[in-house]
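*Asks:* Here's my sequence, what's the structure:
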Amino acid sequence: MRETRRARVGLSVILFLTGLIFASWAARIPAVKDGLSLGDGGLAAVLMAEHLGSVLGLQVGAMVVPRLGSRATLRVFLPLFSVALIPPALAGGMQSLAVCLVLFGILNSVVDVAVNSHGAAVEVRHGQPLFSGLHAMHSVGVIAGAGIGSLAAYAGLGTRPHFAVVALACLAGGAAAARLLFPSTVDMRRRPEPERAPAPRPKRWSAQLTTLGLLAFCCTLAEGSVGDWSSVFLRDELGASPGVAALGFGAFATMMVVGRFTGDRLRQRYGAVPAFRGALLCAAAGLLIGVIGQTPTAGMIGFTLLGAGLSYTLPTVLAAASRLPGQSAATSVARVATIGYLGFSVGPGLIGAAAQVVGLSAALVVPALLLLVTAAAARAVSVADRRVTAPDESVVA
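*Replies:* Next up is the predicted model:
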């Protein structure tokens with residue numbers, strides 16, 4: 001049990017650091033854009049390069065983590081991810097920045113696969129749900145990174161010294177945290193014994209795996225849509241002041257963190273399916289309250305409920321993916337995330353296109369309906385309650 005507590009602490013620190021690294025970059029995007037004199041189209045192109053790197057990184061993670069084990073992967077790729085924060089500040093043009101962000105996205109996703117694979121091992125050894133609380137630490141890191149980035153920008157600190165300090169701090173913190181993790185053998189794929197016939201190769205994309213990916217996609221689409229459109233909706237559609245409009249996303253983000261810290265207890269008490277379905281119904285109701293209410297107060301209440309509901313849905317889906325039989329946790333998580341994370345990219349554009357045709361209020365009904373459909377398919381996450389005595393280490397990815 002002591003080893004499990006150490007691994008949980010180490011993984012929590014690492015997830016905090018990943019959020020800090022990513023938010024440090026995101027908070028200074030305007031400064032990088034101005035420094036390179038990029039237009040909106042150029043910025044969109046380099047951000048798409050980052051997304052491309054993220055998708056590629058998930059595939060790399062699916063291959064690397066089962067072979068090296070999550071601890072060994074993190075000891076290599078977390079320092080690389082930390083250092084990868086620096087090159088975007090040194091880029092001399094759009095092309096070089098795009099290359100830097102492809103690398104940044106790849107390393108981010110490999111680390112993401114490794115932490116989720118290790119999180120599955122920690123949860124199994126602990127014997128109780130932990131995924132949501134672990135992901136909450138990533139959210140705390142995002143808040144910290146955004147706050148530090150805001151202060152750096154306000155103080156006129158350049159991106160180069162800012163990113164260098166963050167990178168060095170994460171190098172030191174990551175190295176210390178990695179020492180607390182389980183040995184890599186906890187989720188490293190074992191080689192089949194010579195006298196034993198190799199196990200049949202599992203389907204790369206089973207129906208259950210694809211379903212979980214689609215559930216994750218619906219959750220991230222709603223989250224990504226709100227991230228980009230909540231303030232605009234409150235200001236332009238509901239007539240809120242700029243200050244109140246900014247608080248809308250703040251309420252959403254705050255409840256995302258609070259909800260993730262409570263999500264494990266709800267899953268433990270009620271089971272994965274009821275907790276997941278209840279969260280989705282809460283999220284859908286919140287979004288509909290904001291749209292139908294048509295007042296700033298209704299909008300604030302709606303985004304608060306939406307954040308609370310969405311908070312632990314993605315961690316629950318990833319926990320379910322890590323428990324799928326026949327594949328390593330890293331492989332299953334990477335494949336589910338490949339589909340699921342597309343929602344972050346597709347969502348804002350989809351809402352924007354729909355808003356051009358039917359208006360923003362009507363467009364936001366789309367993610368609400370998708371959340372209701374996802375709630376109807378909640379039984380797919382029942383595998384998250386599957387009891388296993390140890391991570392499935394002998395499967396072929």
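
*Asks:* which is the next helix or strand following the least confident helix or strand in the chain by mean pLDDT?
*Replies:* Lowest on mean pLDDT, DSSP states H and E among the helices and strands of the chain sits helix 342-358, with a mean of 83. Once helix 342-358 ends, the next helix or strand along the chain (criterion: DSSP states H and E) is helix 360-363.

*Asks:* Buried residues in the very next helix or strand once past that following helix, which are they?
*Replies:* The helix or strand immediately downstream of helix 360-363 is helix 365-376, counting by DSSP H and E. Buried residues in helix 365-376, counted by 16 or more other Cβ atoms under 10 Å: Val365, Val366, Pro367, Ala368, Leu370, Leu371, Leu372, Thr374, Ala375. In short, each C-beta sits where N, CA and C put it, glycine included.

*Asks:* of these, closest to Phe252?
*Replies:* In terms of Cβ to Cβ, no member of the buried residues of helix 365-376 lies closer to Phe252 than Pro367, at 12.7 Å.

*Asks:* How far does the longest helix seen in the chain sit from its chain's centre?
*Replies:* Counting by DSSP state H, the longest helix found in the chain is helix 94-126. Its chain's C-alpha centre and that of helix 94-126 lie 10 Å apart, by Cα atoms, centre = their mean, to the nearest Å.

*Asks:* Flag every buried residue along it.
*Replies:* Quick answer for helix 94-126 (16+ other Cβ under 10 Å): 94, 97-125.

*Asks:* give the contact list for Val383.
*Replies:* Shown in contact with Val383 (Cβ atoms under 8 Å, 6 or more residues apart in numbering): Gln208, Ala320, Arg323, Leu324.

*Asks:* okay, the second one: pLDDT?
*Replies:* It stands for Ala320. Note on Ala320: pLDDT of 91.

*Asks:* wait, doesn't it sit right on Ala272?
*Replies:* Yes - applying Cβ atoms under 8 Å, one finds Ala320 in contact with Ala272, separated by 6.8 Å.

*Asks:* Next one: the closest residue to Val83 other than its chain neighbours from Gly61, what distance?
*Replies:* Nearest residue to Val83 in three dimensions, chain neighbours excluded: Ala167, at 5.6 Å (Cβ to Cβ, 6 or more residues apart in numbering). Applying Cβ to Cβ, to the nearest Å, the value for Ala167 to Gly61 is 21 Å.

*Asks:* Same check on Leu107?
*Replies:* 10 Å.

*Asks:* May I see the domains of the protein written out as residue ranges?
*Replies:* The record's domain split for the chain, according to automatic domain parsing, is 2-186, 207-385.

*Asks:* Show me what whichever strand or helix holds Val55 is packed against.
*Replies:* Using DSSP H and E, Val55 falls within helix 40-68. Counting contacts by 3 or more Cβ pairs under 8 Å, 6 or more residues apart in numbering; DSSP states H and E, helix 40-68 is packed against helix 29-35, helix 70-83, helix 94-126, helix 329-340.

*Asks:* Any buried residues in that helix, and which?
*Replies:* Neighbour-count burial for helix 40-68 [16+ other Cβ under 10 Å]: 42-43, 46-47, 49-51, 53-62, 64-66, 68.

*Asks:* Give me the angle between it and helix 94-126.
*Replies:* Our comparison of helix 40-68 with helix 94-126, counting by axes from the mean of the first three to the mean of the last three Cα atoms, to 10 degrees, yields an angle of 40 degrees.

*Asks:* How far does helix 40-68 sit from its chain's centre?
*Replies:* 13 Å.

*Asks:* Burial check on the residue nearest to Ser132 when sequence neighbours are not counted, number of neighbours?
*Replies:* Among residues not flanking Ser132 along the chain, Gly263 sits closest, at 3.2 Å (Cβ to Cβ, 6+ apart). For Gly263, the neighbour count with other Cβ atoms under 10 Å is 26.

*Asks:* Kindly calculate the angle that the helix or strand encompassing Gly263 makes with helix 94-126.
*Replies:* Assigned by DSSP H and E, Gly263 belongs to helix 242-270. With the same axes, to 10 degrees as the basis, helix 242-270 and helix 94-126 are set at 30 degrees to each other.

*Asks:* how far is the helix or strand just after helix 242-270 from where the chain is centred?
*Replies:* Next helix or strand after helix 242-270 toward the C-terminus (DSSP H and E): helix 272-293. Centroid separation for helix 272-293 versus its chain: 20 Å, with Cα atoms, centre = their mean.
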